[in-house]
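Colleague: structure of the sequence below:
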Amino acid sequence: MDYVQTGIDRFREENWKRLKGYRLGLLSNQASLDSRLNTSQKVISGLLPGQLKALFGPQHGFGGEDQDNMVETDHSYDKELGIPIFSLYADKREPVPHMLELIDVLIIDLQDVGTRVYTFSSTMLSCLRGAAKGGKKVFVLDRPNPLGGAVAEGNLLQPELYSFVGPYGLPMRHGLTMGEMAGIFNDVFGLNCDLEIVTMDGWHRKMLWFDTGLTWMMPSPNMPLPQTAFVYPGQVIWEGTNLSEGRGTCRPFEVFGAPYLNPAAIKQCLDPKATRGCLLQEFSFRPTFHKWQGELCHGFMIQVLDPRVYRPYFTSLALLKSVLEIHRDNFEWKEPPYEYEYKKKPIDLIMGNSSIRRELESGGALSFTEKKWEKELEYFFEWREAYLLYP
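Modeller: Model (predicted):
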């Protein structure tokens with residue numbers, strides 16, 4: 001299998017000489033690796049010694065060390081390079097002028113997971129805004145969408161629910177790369193950022209992660225495997241409920257449940273289409289931290305049998321519908337705050353349209369919801385064409 005060349009691979013081979021003499025900043029984390037498993041920090045500092053002046057880390061920290069939502073990371077210092085590491089998930093979630101004064105060019109190299117609520121795209125947007133205001137150039141080193149770029153799923157995020165877990169009206173599973181999203185943000189928000197995308201070589205839209213030949217390094221603590229990314233566009237909805245999404249287990253998001261859950265009853269009233277491309281394996285677990293810490297939870301582990309057929313968002317919404325029908329007395333929506341939003345319901349921020357919650361509460365048919373998405377997705381596929389970088 002030939003490796004896909006990511007943006008950092010192409011930067012290492014072709015683009016680095018153009019940045020000689022510039023003061024550089026790098027937004028990355030532990031998953032920002034080239035195909036030889038060298039970190040972007042190591043690659044850039046080796047090619048352009050002394051030019052890296054600041055490092056920036058997204059949610060979970062520059063080394064991916066911090067758990068969960070609203071667990072902030074402190075600023076720190078890289079002793080080897082002798083430069084600051086600024087956290088963009090701290091008291092502020094955007095680069096402020098004194099950070100950007102140290103650099104001429106900001107390089108962004110982050111591994112997204114293909115789901116709208118993953119916060120790296122919001123961090124990238126805040127960097128584009130800051131760079132545009134400060135007159136700094138931005139290079140985005142592109143990486144594969146692990147879910148591919150051919151399929152999108154779900155409703156478009158409504159403007160009244162824009163937040164740190166959804167900065168723009170994309171569907172839950174968006175089928176875009178970070179580079180493509182950067183181009184979208186620069187245009188739709190009128191940023192006029194001096195932006196350049198270092199595209200991949202060898203990636204096409206039908207590729208899933210396993211087709212790329214690349215090694216997976218978890219981009220965040222609860223994204224340990226590519227399989228986690230496959231289920232995440234649906235399973236992230238449990239963050240807005242009192243069900244455990246599997247944090248505190250070895251297989252977060254693939255595993256989910258609660259002490260009150262009756263898996264057999266859930267399966268019995270489940271929409272048959274919910275198991276397209278997957279198997280719901282009844283599973284019990286005891287989270288070591290987070291929701292239901294130390295308590296025995298009953299639920300499922302999702303085994304993805306065919307990721308090209310499996311539709312994670314529909315599957316998880318169908319499961320949520322069954323949970324509401326069977327366990328209305330025990331089930332609860334999570335209350336704010338959630339990702340620095342203190343008034344709106346977390347589930348509405350996650351799903352991106354409060355009418356979906358209301359339809360589920362009223363026992364509405366999911367087929368009706370799915371039909372509404374079809375029109376939104378038709379519009380989205382046509383609209384996004386202008387921003388696509390890959391065939």
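
Colleague: what is the mean pLDDT for the longest helix belonging to the chain?
Modeller: For the chain, the longest helix by residue count, based on DSSP state H, is helix 366-384. When pLDDT is averaged over helix 366-384, the result is 89.

Colleague: report the distance from it to the chain centre.
Modeller: 21 Å (C-alpha atoms, centre = their mean, to the nearest Å).

Colleague: so which elements touch that helix?
Modeller: Helix 366-384 is packed against strand 153-156, strand 171-173, helix 312-326, helix 354-361, with contacts defined by 3 or more C-beta pairs under 8 Å, 6 or more residues apart in numbering; DSSP states H and E. (Glycine included, C-beta is placed from N, CA and C.)

Colleague: and the helix or strand following the second one, what does it pack onto?
Modeller: The first helix or strand that comes after strand 171-173 along the chain, using DSSP states H and E, is helix 178-188. When contacts are defined as 3+ C-beta pairs under 8 Å, 6+ apart, helix 178-188 sits against helix 120-134, strand 137-141, strand 194-198.

Colleague: recalculate using a threshold of 10 Å.
Modeller: strand 105-108, helix 120-134, strand 137-141, strand 194-198, helix 366-384 (3 or more C-beta pairs under 10 Å, 6 or more residues apart in numbering; DSSP states H and E).

Colleague: tell me which residues in that helix are buried?
Modeller: For helix 178-188, the neighbour count (16 or more other C-beta atoms under 10 Å) marks 178-186 as buried.

Colleague: show me the domain layout of the protein.
Modeller: 7-221, 226-352 (automatic domain parsing).

Colleague: convert stretch 152-172 to PDB, retaining C-alpha atoms only.
Modeller: The C-alpha atoms that make up stretch 152-172 are tabulated as PDB, following Å, rounded to 0.1, in the frame of the first residue of the first chain:
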ATOM      1  CA  ALA A 152     -22.100  13.500   4.700                       C
ATOM      2  CA  GLU A 153     -24.800  12.800   7.200                       C
ATOM      3  CA  GLY A 154     -27.200  14.700   9.400                       C
ATOM      4  CA  ASN A 155     -28.800  18.100   9.600                       C
ATOM      5  CA  LEU A 156     -27.100  21.400   9.000                       C
ATOM      6  CA  LEU A 157     -26.200  23.300  12.200                       C
ATOM      7  CA  GLN A 158     -28.600  26.200  12.700                       C
ATOM      8  CA  PRO A 159     -27.100  29.700  13.200                       C
ATOM      9  CA  GLU A 160     -28.700  30.300  16.600                       C
ATOM     10  CA  LEU A 161     -26.700  27.200  17.900                       C
ATOM     11  CA  TYR A 162     -23.300  28.200  16.600                       C
ATOM     12  CA  SER A 163     -20.800  27.500  19.400                       C
ATOM     13  CA  PHE A 164     -17.300  26.100  20.100                       C
ATOM     14  CA  VAL A 165     -18.700  22.700  19.100                       C
ATOM     15  CA  GLY A 166     -20.000  24.000  15.900                       C
ATOM     16  CA  PRO A 167     -18.800  27.300  14.400                       C
ATOM     17  CA  TYR A 168     -20.600  27.100  11.100                       C
ATOM     18  CA  GLY A 169     -23.600  25.400   9.400                       C
ATOM     19  CA  LEU A 170     -22.100  22.000   8.500                       C
ATOM     20  CA  PRO A 171     -23.700  18.600   8.900                       C
ATOM     21  CA  MET A 172     -22.700  16.400  11.700                       C
END
